[in-house]
Each structure stands twice: as C-alpha cells, then as structure tokens.
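Asks: Below is the structure, and that's it, no one-letter string:
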C-alpha cells in the first residue's frame with residue numbers, strides 16, 4: 001500500500017505544477033453549463049409538461065457540473081499508449097498492480113480539481129442559491145461523497161476496460177469517443193434522464209453509467225430515504241465488482257497477445 005501512496009504523492013506534486021489548467025478547465029466548463037441551463041429554462045417556460053421547473057433545472061445542472069468534473073478520469077490514453085508503444089514492459093516487471101498504479105496516478109487529478117476550484121464553486125453556489133431546490137444535510141453530504149467516489153471508480157474501470165482493447169486494436173480513440181457520448185447521455189450529463197420515456201429511464205438508471213452523475217444528483221434533489229441510499233451504494237459496489245472482473249479477464253487475455261521489442 002505504501003507503494004501506491006508514493007505514486008499518489010508523486011503524481012500530486014506533478015499535477016500541482018499545472019494547477020492553473022484545472023481552474024481554466026473548470027471556467028471553460030461553465031459555458032456548456034450556461035447553455036444547457038438557458039436551453040432547458042426556455043423549454044420549461046414554453047411547455048406545461050416539463051417535469052422540472054426553473055429551480056430544478058438550475059439545481060440539476062449545477063450538481064451535474066460538480067459530479068461530471070469529479071468523476072472524470074484521464075488515464076485512458078496513458079494506458080492505451082503504454083500498451084501500443086510497448087512501455088507497458090516497464091510496469092510488468094515492477095512489484096505492483098498496474099491498474100492500482102494507474103488509479104493512484106489518476107486520483108490526484110480529482111484532488112487538485114477539488115482544491116483549486118473550491119472557491120469558484122462556492123462563488124457560483126452563492127450566486128445561484130436563490131434558485132436551488134435542494135438542501136444539504138450531514139447524512140446526505142456523506143452519502144453524496146460516497147456516491148461520487150463510487151461513480152469515479154466506475155468511470156475509471158470503464159475507461160480502463162476501453163484502454164485494454166489496445167491489446168487488440170492499434171487505436172481506441174474512436175471507440176472511446178463513441179462510448180463517451182453514450183456514457184454522457186446515459187449518465188444524465190447532457191440532459192436529465194427523467195425527460196426520457198419511463199421504460200427507457202428505468203433501463204438507464206440501472207446501468208453503471210448512472211452512478212457517474214444521475215444517481216448522485218438525484219439523491220440530493222429527491223427525498224431519498226436512508227434505506228434507498230444504502231441500496232444504491234450496494235448496487236454501485238456490485239457494478240464495481242463486475243467491472244473489476246471484466247478488467248481482470250481482458251487484462252489476462254490481452255497479456256497473452258501482447259508483445260514489445262527493442263529497448
């Protein structure tokens with residue numbers, strides 16, 4: 001465990017050198033946030049069947065802005081390049097798990113984002129607070145944090161699984177882009193899933209993508225019980241276990257095909 005902690009510290013120190021990038025990245029993400037809010041506000045004013053009112057729309061996209069940035073990962077292209085370019089050899093001879101190494105390297109990105117953007121998020125919170133329809137309670141903050149961590153792990157495992165297909169294909173960028181679009185839709189990042197037909201909504205909210213954004217956001221917006229919170233955490237744990245097994249299987253099969261030459 002000490003090895004992964006050292007990897008985390010090294011990666012954290014490296015990311016702190018580029019902390020301005022995290023602030024600028026968050027500021028630029030405010031543009032799609034603003035467009036989405038204005039778009040759906042216009043729709044809500046023109047439609048009487050809209051399930052979300054103005055306060056609900058502002059609250060939804062504010063929380064989605066946070067969940068999307070916290071549960072995002074950046075490891076996929078590093079893993080893909082390691083496999084494609086043969087630099088994976090360097091890690092195979094090391095006394096640690098490659099997936100855990102990548103996780104320890106990726107986590108500092110989220111840590112720095114939270115630290116660097118705490119003030120901008122607070123400012124945005126106070127500016128929009130008159131429109132919010134959710135309240136923070138201690139137990140809800142605890143479960144919301146757990147949902148965010150579970151969503152991050154699920155997102156990491158999905159991206160890691162996609163990256164492992166570099167064992168079979170030279171490039172996974174097009175596959176990743178296609179899945180990312182579907183993932184963002186299924187996670188409720190593009191628009192609230194509640195706007196979809198009931199049958200489609202029931203399917204999407206039970207997929208692992210929902211934990212990336214939809215479930216954490218809905219947990220704060222809806223009057224979810226403590227029992228329901230534990231139920232969703234259990235479901236998230238099951239998805240993490242399933243995705244971990246799939247990653248392990250693809251990893252073992254991929255290593256049988258993997259080869260790298262030269263020094």
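Replies: Arrived safely. The structure presented is a predicted model; accordingly, all values stated were derived computationally and were not measured.

Asks: Residue ranges in the stretch 151-263 of the chain under the pLDDT threshold?
Replies: 260-263 (pLDDT under 70).

Asks: all helices of it, in order?
Replies: Assigned helices in the stretch 151-263 of the chain, in chain order: 173-186, 198-204, 214-221, 226-257 (criterion: DSSP state H, counting those that start in this stretch).

Asks: among these, which is nearest residue 131?
Replies: Minimum separation from residue 131 across the helices of the stretch 151-263 of the chain (Cβ to Cβ) falls at helix 214-221, 12.7 Å. Placement of C-beta: from N, CA and C, glycine included.

Asks: what's next to the closest one, contact-wise?
Replies: With contacts defined as Cβ atoms under 8 Å, 6 or more residues apart in numbering, helix 214-221 is touched by 56, 59-60, 63-64, 67, 133-134, 136, 140, 143-144, 147-148, 151, 187-188, 193, 204-205, 224, 229, 232, 236.

Asks: redo that, cut-off 6 Å
Replies: With contact meaning Cβ atoms under 6 Å, 6 or more residues apart in numbering, helix 214-221 is reached by 63, 64, 67, 134, 144, 147, 148, 187, 188, 193, 232.

Asks: can you check stretch 143-155 too?
Replies: Against stretch 143-155 from outside (Cβ under 6 Å, 6+ apart): 70-71, 73, 208, 211-212, 215-216, 220, 229, 236, 239-240.

Asks: Please name the nearest non-neighbouring residue to residue 229.
Replies: residue 143 (4.6 Å; Cβ to Cβ, 6 or more residues apart in numbering).

Asks: can you check residue 209 too?
Replies: Once flanking residues are discounted, residue 209 sits nearest to residue 186: 3.8 Å by Cβ to Cβ, 6+ apart.

Asks: So that neighbour sits against residue 205, correct?
Replies: No - with contact defined as Cβ atoms under 6 Å, residue 186 does not reach residue 205; the gap is 9.1 Å.

Asks: okay, those two: which has more neighbours?
Replies: Neighbours per residue (other Cβ atoms under 10 Å) separate residue 186 from residue 205, with residue 186 holding more: 22 against 19.

Asks: mind checking how far the more buried one is from residue 155?
Replies: In this view, residue 186 and residue 155 are 12 Å apart by Cβ to Cβ, to the nearest Å.

Asks: re earlier: check contacts around the residue nearest to residue 209.
Replies: By Cβ under 6 Å, 6+ apart, the residues touching residue 186 are 204, 207, 209.

Asks: Quick one: residues contacting the last one.
Replies: I take that to be residue 209. By Cβ under 6 Å, 6+ apart, the residues touching residue 209 are 183, 186, 187.

Asks: I'd like those residues written out as a markdown table, with distance to residue 200 added.
Replies: Below are these laid out as a markdown table (distance: Cβ to Cβ, whole Å):
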| residue | distance to residue 200 |
| --- | --- |
| 183 | 16 |
| 186 | 10 |
| 187 | 14 |
